[in-house]
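Peer 1: curious how this folds, go ahead:
(one chain, ligands or ions: 1)
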Amino acid sequence: MDLLISDLHLYEGQKNVPHLFFHFMENIAPESDNLYVLGDLFEYWIGDDFKTELSEQVIACFKQYTAQNKGLFFIHGNRDFLLGDDFLQRCGGVLLPELSIQKIAETPVLLMHGDSLCTLDIDYQNFKKWIRAPQWQAEFLKHTLEQRIAIAQKMREQSQNKQQQSYQQMDNPIMDVNPEEVITVMESQAVHRLIHGHTHRQKIHSLDLKTGPAQRIVLGDWGKTGSYCRCHEGQFELINFS
Ligand code: MN
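Peer 2: Next up is the predicted model:
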């Protein structure tokens, strides 16, 4: 049995979600063989040398999981794309590329964070090109921790202003995936199932590709409830718990 989660947006001092995460790792994850974390596990990540009580607890949970010979896989989100080798090594996890086909519940599944499917949000796609460039990241990591905290705080404030406008209109198609991009990506990768997060619009969608019927599973974000996808013997199920 495999489990997938995304969009916990964990941060120090956050209410509820850390408890849900620890509950998940103690009571739900141990039944699984593999756990996939499809991005935005943390609200922000400014380098593996930035350690908080919460981040250390999260790493300890993952380490306990992988010590049982279970597979732990990560895909970078748009907020925690600086999760690096030190973090992975301490968790016993493996980083997957932005587009990754994995065998889940005995079937091939395309895994993504999902932000690259939101091609109608031109501002964001331009911003992403800028911050995901190796040179920008190398420069950013050269700053002291204090400087990085200040930069990240400023970027969060800007992004929150923008999100407040857009989340007030959940029907705003610019903030969702571009359906044409979904079809293009799935057909070019020759898959019939895609699982991603990012949009916080938990749902299982059916769609038709040139090559036959397909499924797009959108993971939910965590808040009042935790959310995960449970995959077992060809069955994919979205589950919430509190
Ligand atoms: Mn995201």
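Peer 1: packing partners for the helix or strand of the chain at the bottom of the mean pLDDT ranking?
Peer 2: Each helix and strand of the chain was given a mean pLDDT (mean pLDDT, DSSP states H and E); the minimum falls on helix 145-167 at a mean of 78. In terms of contact count using 3 or more CB pairs under 8 Å, 6 or more residues apart in numbering; DSSP states H and E, helix 145-167 is assigned the packing partners helix 134-142. For glycine as for every other residue, the C-beta is placed from the backbone atoms N, C-alpha and C.
Peer 1: quick one: buried residues of the least confident helix or strand of the chain?
Peer 2: Arg148, Ala152 (16 or more other CB atoms under 10 Å).
Peer 1: now the next helix or strand after it: buried residues?
Peer 2: As assigned by DSSP states H and E, the chain's next helix or strand after helix 145-167 is helix 179-188. Judged by neighbour count using 16+ other CB under 10 Å, the buried positions of helix 179-188 are Val182, Ile183, Val185, Met186.
Peer 1: where does pLDDT dip in this structure?
Peer 2: Residue ranges of the chain with pLDDT under 70: 162-171, 173-174.
Peer 1: tell me which stretches of it form helices.
Peer 2: For the chain, the helices defined by DSSP state H cover 17-23, 53-66, 85-91, 122-131, 134-142, 145-167, 179-188.
Peer 1: let me have the ones you listed in CSV, extended by distance to the ion.
Peer 2: Below are the helices of the chain laid out as CSV (distance: least, CB to the ion, whole Å):
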stretch, distance to the ion
helix 17-23, 15
helix 53-66, 17
helix 85-91, 18
helix 122-131, 10
helix 134-142, 17
helix 145-167, 10
helix 179-188, 16
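Peer 1: so how far is the ion from the most centrally placed residue in the chain?
Peer 2: The chain has Gly39 as the residue nearest its centroid, 1.8 Å off, counting by CA atoms, centre = their mean. Here Gly39 is placed at a distance of 6 Å from the ion (CB to the ion, to the nearest Å).
Peer 1: ok, now Gly47?
Peer 2: From Gly47 to the ion the distance is 19 Å (CB to the ion).
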